[in-house]
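**Student:** Dropping the sequence and predicted coords here.
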Amino acid sequence: MTKTLLEKIRKMAQRQIIYTEHALDRMNAESEMITSEEVREVVLEGEIIEDYPEDVRGHSCLMLGVTRSGRPVHVVCAPKERYLGIITVYVPSKIKWKKDFKTRKIGRSY
């Protein structure tokens, strides 16, 4: 039985999360300051809003979650064989995203 992408993401997140340098840079940006706990909240409780099955890094997707502090966070991640790869993380801009933070106003944001 094939697991859904969301099931794979959550399973790999429970096992191990590995961040790209780009993701860490975005998380640590003064304007963002996104914690690893917030990323974990998004991948364990959020929803997939865009699917990228043909991504050169392997099947990945964009997830949206609202953290316990109440702010929306986007996470682009890719489940791998032994871990969940976090490609980028950011707080979605109201300039680029509609109020629901699920629908783009303009092209890809990363």
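**Tutor:** Thanks, I have it.

**Student:** make it CA atoms for all contacts and neighbour counts henceforth
**Tutor:** Fine.

**Student:** what number of residues lie near residue 56?
**Tutor:** Using other Cα atoms under 10 Å, residue 56 has 8 other residues around it.

**Student:** Can you give me the pLDDT of the residue sitting nearest the centre point of the chain?
**Tutor:** Nearest to the mean C-alpha position of the chain, counting by Cα atoms, centre = their mean, stands residue 75 at 1.5 Å. Looking at residue 75, its pLDDT stands at 98.

**Student:** which residue packs closest to it, ignoring adjacent ones?
**Tutor:** Closest residue in space to residue 75, ignoring its immediate chain neighbours: residue 89 at 4.5 Å, by Cα to Cα, 6 or more residues apart in numbering.

**Student:** Now do the same contact list for the closest residue to residue 15 other than its chain neighbours.
**Tutor:** Distances taken as Cα to Cα, 6+ apart place residue 83 nearest to residue 15, at 6.2 Å, with adjacent residues excluded. Contacts for residue 83 (Cα atoms under 8 Å, 6 or more residues apart in numbering) come out as 12-13, 15-18.

**Student:** same check, this time on residue 22
**Tutor:** So residue 22 contacts 87-88 (Cα under 8 Å, 6+ apart).

**Student:** In this structure, what residue spans correspond to helices?
**Tutor:** Per DSSP state H, the chain carries helices over the ranges 5-15, 21-28, 36-45.

**Student:** For residue 56, which of those is the nearest?
**Tutor:** helix 21-28 (15.9 Å; Cα to Cα).

**Student:** Run the chain-centre distance for the closest one.
**Tutor:** Offset of helix 21-28 from its chain centre (Cα atoms, centre = their mean, to the nearest Å): 12 Å.

**Student:** Tell me which of the helices of the chain lies nearest to residue 93.
**Tutor:** helix 21-28 (13.6 Å).
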